[in-house]
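Participant: Dropping a prediction and its sequence here:
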Amino acid sequence: MEAAEFRRRGKEMVDYIADYLENIEKRQVYPDVEPGYLRSLIPEEAPEEPESYEDVVKDIERVIMPGVTHWHSPYFYAYFPAASSFPAMLADMLCGAIGCIGFSWSASPACTELETVMLDWLGKMLKLPDDFLAGTAGRGGGVIQGSASDATLMALLAARSRALRLILADHPDRSETDIISKLVAYTSDQAHSSVERAGMIAGVRMKNIATDSKFAVRGDALESALQEDRSAGLIPFYFCATLGTTASCAFDRITELGPICRAENIWMHIDAAYAGSAFICPEFRPLLNGIEFADSFNFNPHKWLLVNFDCSAMWVRNRSDIIRAFKMEPLYLKHDQQESGLVTDYRHWQIPLGRRFRSLKMWFVFRMYGLNGLQAYIRKHVGLAKEFECLVRDDRRFEICADVVMGLVCFRLKGSNELNETLLKRLNSKRKIHLVPCQLKGKFVLRFAICARTTESRHIHEAWCHISQLASELLQELPH
């Protein structure tokens, strides 16, 4: 394909994408296909001769769209949002065209420097302490990771490296193997599974701390676990707090937990993957109070801040902690500017070597929406969630199972878990809306998350009518 055809085809693809998104609510939100559906629709081997672009595009609707779950449909209420906006899409096109692999400053200076500035912009929107901003006298800074899972693992590995370094400085006769065998990390029993998985990858034990009636970790629960483990000869070194848990959007009490971690020299990482976007709104910023005690903090603009996947923002208080854990300097990656002390080489801040020019989409979105526009978007979703909560509370057959703080409503029919499992199966089998469940205090609960950029009040009411109707049919089938 030459440039002239690319111009023409590119315009056609933009039209296709715009039509897809403008009409997405007309598509069935969840696909009606069986595993393996796609293999029979395409040849067993790649073609030996080139095929036409027209033939490729024709197969999008025949092969791809039947198997797509439409995350940006206003009838998609599962998981958490997957951010999407036209400015971010345009920036991603430019990112793909530039095609740099920004592992170091010299690999493409703009790639590194725009990222550093965008993380400072975003940090200032959140009113993070100056320690976390690169453009201050602080020693920290921000980086774009692929996901919150990556950020949690990076923080855990950096914490492990720091703990080893400090212990060996005081006890040079001890072996690393012995120390690692006694290290213990902590997180909430409501934390995302990626936290436990990070412990598996890092080779350290991960203990879950029991939560209170609001599904939050409190200071006394952590203190109790620390005392027990220290008495057993273990070495606490890391705690992952969650602000906005996956199951119910609960918030660990970091104002209680932070001082404990600081006093015990335990690395506190804060995972706010979904909820962090809302902290740009003054009314939600108090939920981040206690951030001043954290060693690292992460949230996903690619969930709720209109920046397309992948874009997970991570900040560290002391960049040397993370760089020491991962720094390697083969000759082919060295460059003259790194000796100046003025440059950042982000390959030392992440697991992969290569990285895309992801800060472009932050730059586009922040400039074209502005802080006021981003705040309005968050508030709209929160308002829609509150609207749905009211609909549920007005129906005595249902109950709300957790505080509705942001864009997630956890609800269920009053009755058995089996009853609610059946309701969810019927809802998803109809494929008009899409939900996923969670378990809270042993109860099977339905999660209703406001996800799509285009969701409006009418979609919420349509969804509730559908849920209510299926609930009525199900309850009528029960023996009286």
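Facilitator: Received it, and whenever you're ready, just let me know what you need.

Participant: where do the strands sit along this protein?
Facilitator: Using DSSP state E, the strands of the chain run over residues 141-145, 183-188, 205-209, 235-242, 267-271, 296-299, 312-316, 398-400, 408-413, 436-440, 443-449.

Participant: can you redo those as TSV with distance to residue 358, mean neighbour count and mean pLDDT?
Facilitator: Where you see a C-beta, it was placed from the backbone N, CA and C, and this is true even at glycine. Shown next, in TSV, are the strands of the chain (distance: least, CB to CB, whole Å; neighbours: other CB atoms under 10 Å; pLDDT from 0 to 100):
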stretch	distance to residue 358	mean neighbour count	mean pLDDT
strand 141-145	5	27	92
strand 183-188	27	24	95
strand 205-209	29	18	94
strand 235-242	24	27	96
strand 267-271	19	27	96
strand 296-299	15	28	96
strand 312-316	9	27	96
strand 398-400	37	17	96
strand 408-413	26	24	97
strand 436-440	27	16	95
strand 443-449	24	22	97
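
Participant: Any chance of TSV for those strands, columns distance to residue 419?
Facilitator: Converted to TSV, the strands of the chain look like this (distance: least, CB to CB, whole Å):
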stretch	distance to residue 419
strand 141-145	41
strand 183-188	28
strand 205-209	29
strand 235-242	29
strand 267-271	33
strand 296-299	35
strand 312-316	37
strand 398-400	11
strand 408-413	6
strand 436-440	13
strand 443-449	9
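
Participant: which residues of the stretch 1-150 of the chain fall in helices?
Facilitator: Under the criterion DSSP state H, counting those that start in this stretch, the stretch 1-150 of the chain contains helices at 3-22, 53-59, 86-98, 109-125, 148-170.

Participant: Would you mind saying which of the ones you listed lies nearest residue 422?
Facilitator: Residue 422 lies closest, by CB to CB, to one member of the helices of the stretch 1-150 of the chain: helix 148-170, at 32.1 Å.

Participant: any idea how far the closest one is from the chain center?
Facilitator: Centroid separation for helix 148-170 versus its chain: 21 Å, with CA atoms, centre = their mean, to the nearest Å.

Participant: So for it, mean pLDDT?
Facilitator: Model confidence over helix 148-170, given as mean pLDDT, is 91.

Participant: what angle sits between it and strand 312-316?
Facilitator: 20 degrees (axes from the mean of the first three to the mean of the last three CA atoms, to 10 degrees).

Participant: Let's see helix 148-170 as CSV, backbone CA atoms only.
Facilitator: Output of helix 148-170 as CSV, limited to C-alpha atoms (Å, rounded to 0.1, in the frame of the first residue of the first chain):
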residue,chain,number,x,y,z
ALA,A,148,-2.3,-1.7,37.1
SER,A,149,-1.1,-5.3,37.3
ASP,A,150,2.3,-4.2,35.9
ALA,A,151,2.5,-1.3,38.4
THR,A,152,1.7,-3.6,41.4
LEU,A,153,4.4,-6.0,40.4
MET,A,154,6.9,-3.3,39.7
ALA,A,155,6.3,-1.8,43.2
LEU,A,156,6.5,-5.2,44.8
LEU,A,157,9.8,-6.1,43.1
ALA,A,158,11.3,-2.6,43.9
ALA,A,159,10.2,-3.1,47.6
ARG,A,160,11.8,-6.5,47.7
SER,A,161,15.0,-5.1,46.3
ARG,A,162,15.0,-2.3,48.8
ALA,A,163,14.3,-4.7,51.7
LEU,A,164,17.2,-6.9,50.7
ARG,A,165,19.5,-4.0,50.3
LEU,A,166,18.7,-2.6,53.8
ILE,A,167,18.8,-6.0,55.6
LEU,A,168,22.1,-7.0,53.9
ALA,A,169,23.6,-3.6,54.9
ASP,A,170,23.0,-4.4,58.6
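
Participant: re the thing from before, any chance of the helices of the stretch 1-150 of the chain in CSV, plus mean neighbour count?
Facilitator: Formatted as CSV, those follow (neighbours: other CB atoms under 10 Å):
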stretch, mean neighbour count
helix 3-22, 12
helix 53-59, 12
helix 86-98, 17
helix 109-125, 20
helix 148-170, 20
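
Participant: Which among these is found nearest to residue 382?
Facilitator: Across those, closest to residue 382 is helix 109-125 (CB to CB), at 17.0 Å.

Participant: Next one: the closest residue to residue 201 other than its chain neighbours from residue 258, what distance?
Facilitator: Excluding its sequence neighbours, the residue lying closest to residue 201 (CB to CB, 6 or more residues apart in numbering) is residue 153, at 6.1 Å. Between residue 153 and residue 258 the computed distance is 21 Å (CB to CB, to the nearest Å).

Participant: Tell me which of the strands of the chain sits nearest to residue 477.
Facilitator: Of all the strands of the chain, the one in closest proximity to residue 477, counting by CB to CB, is strand 408-413 (12.8 Å).

Participant: Show me what the closest one packs onto, helices and strands only.
Facilitator: Identification of packing neighbours for strand 408-413 by 3 or more CB pairs under 8 Å, 6 or more residues apart in numbering; DSSP states H and E yields helix 359-393, strand 398-400, helix 417-430, strand 443-449, helix 457-477.

Participant: Please identify the deepest-packed of the ones you listed.
Facilitator: Highest mean neighbour count of the helices and strands packed on strand 408-413: strand 443-449, a mean of 22 (counted as mean count of other CB atoms under 10 Å).

Participant: circling back: distance to residue 60 for the helices and strands packed on strand 408-413 - can I get that in a markdown table?
Facilitator: Output for the helices and strands packed on strand 408-413, formatted as a markdown table (distance: least, CB to CB, whole Å):
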| stretch | distance to residue 60 |
| --- | --- |
| helix 359-393 | 23 |
| strand 398-400 | 40 |
| helix 417-430 | 25 |
| strand 443-449 | 28 |
| helix 457-477 | 26 |
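
Participant: Which of these sits closest to residue 242?
Facilitator: Among these, strand 443-449 sits nearest to residue 242 (CB to CB), with 15.7 Å.

Participant: Tell me which residues are up against the closest one.
Facilitator: With contacts defined as CB atoms under 8 Å, 6 or more residues apart in numbering, strand 443-449 is touched by 77-81, 247-248, 385, 388, 401-402, 407-412, 417, 420-421, 423-424, 427, 435-439, 463.
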